[in-house]
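K.L.:
Dropping a prediction and its sequence here:
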Amino acid sequence: MMTLILGGSGSGKSAYAEDYAVSLSKGMKIYYLATMRAFGREAGQRIARHRTLRSGKGFLTIEQPAAIYKALERMETGEKTVLLECISNLAANEMFEGEMPKGEEAVFKEVANGIARLREEVTHLVVVSNNVFEDGITYDRETMAYIRAMGRINEKLSAMADEVVEVVVGIPLMVKDKKSESRKKRK
């Protein structure tokens, strides 16, 4: 089962995702796939905050800032719940990894294919992503390519997901769930 959790910056999506993943993991190993690279003080503070949020919850952390499917090599076999935090960092790392930015199509494929591989190998996959295109600002060409890639990735992940939840001011709103999808198919 795959759940996509979306929200804006500071929406409470990470805390919700952690608690949700823990609730799914009964008797299973639970992994936290960390994608943020600690560039600068602010990133370091955010990483520290996330570590504090998940401490005592049983997560086994794997730092995997790019090529997300490679995290599977460091997981034990058997049933497992995986929380991937978050797509915006993963997409940025994929796009801006080398001297020249990768194109949005290459980033889209790398991230979407990596998530698909994870989904096939784990019992529960919880993926956190950010809402994009909400500020109405036009950015430079590279940033707009990143935002477009993020939009496409979010669309693809929502299609792949069994459930999609948007967290707004700490309140989870179910956007898609298996029950409503199966009712639609029967009509």
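P.N.:
Noted; the coordinates are in hand. Numbering: from 1, shown residues only.

K.L.:
Which residues does the strand or helix carrying N93 contact?
P.N.:
Element membership for N93 (DSSP states H and E) is helix 87-95. Applying CB atoms under 8 Å, 6 or more residues apart in numbering, the external contacts of helix 87-95 come out as 35-37, 65-66, 68, 84, 101-102, 104, 106-107, 110-111, 114, 127-130, 145-146, 149-150, 153-154, 157. From N, CA and C alone the C-beta is placed, and that goes for glycine too.

K.L.:
Among these, name the ones in helices.
P.N.:
Of the contacts of helix 87-95, the ones assigned to helices by DSSP state H are 104, 106-107, 110-111, 114, 145-146, 149-150, 153-154, 157.

K.L.:
For K26, state which of those is nearest.
P.N.:
The shortest separation between K26 and any of the ones in helices among the contacts of helix 87-95 is 24.4 Å, and it belongs to L157 (by CB to CB).

K.L.:
still on that earlier bit, in PyMOL, how would I select just the buried ones from the contacts of helix 87-95?
P.N.:
Applying 16 or more other CB atoms under 10 Å to those leaves a buried subset, and the PyMOL line that selects it is:
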select buried, resi 35+36+65+66+68+84+101+102+104+107+110+111+114+127+128+129+130+145+146+149+150+153+154+157
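
K.L.:
May I see the ones in helices among the contacts of helix 87-95 organised as CSV, with distance to I30 added?
P.N.:
Output for these, formatted as CSV (distance: CB to CB, whole Å):
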residue, distance to I30
E104, 32
A106, 31
V107, 28
E110, 25
V111, 22
G114, 19
A145, 34
Y146, 30
A149, 29
M150, 26
I153, 24
N154, 24
L157, 20
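
K.L.:
What is the nearest of these to E121?
P.N.:
Comparing these against E121 with CB to CB places G114 closest, at 11.2 Å.

K.L.:
so who does A106 touch?
P.N.:
Applying CB under 8 Å, 6+ apart to A106 gives the contacts E94.

K.L.:
any idea how far it is from G98?
P.N.:
Counting by CB to CB, to the nearest Å, the gap between A106 and G98 amounts to 11 Å.

K.L.:
List the residues that are in contact with both of those two.
P.N.:
In terms of CB under 8 Å, 6+ apart, A106 and G98 are not both contacted by any residue.

K.L.:
Would you enumerate the residues in contact with the residue lying closest to E104 once chain neighbours are set aside?
P.N.:
Counting by CB to CB, 6 or more residues apart in numbering, the nearest residue to E104 once its immediate chain neighbours are dropped is A149, at 3.9 Å. Under the criterion of CB under 8 Å, 6+ apart, the neighbours of A149 are 91, 95, 104, 107-108, 111.

K.L.:
redo that, cut-off 7 Å
P.N.:
By CB atoms under 7 Å, 6 or more residues apart in numbering, the contact set of A149 is 91, 95, 104, 107-108.
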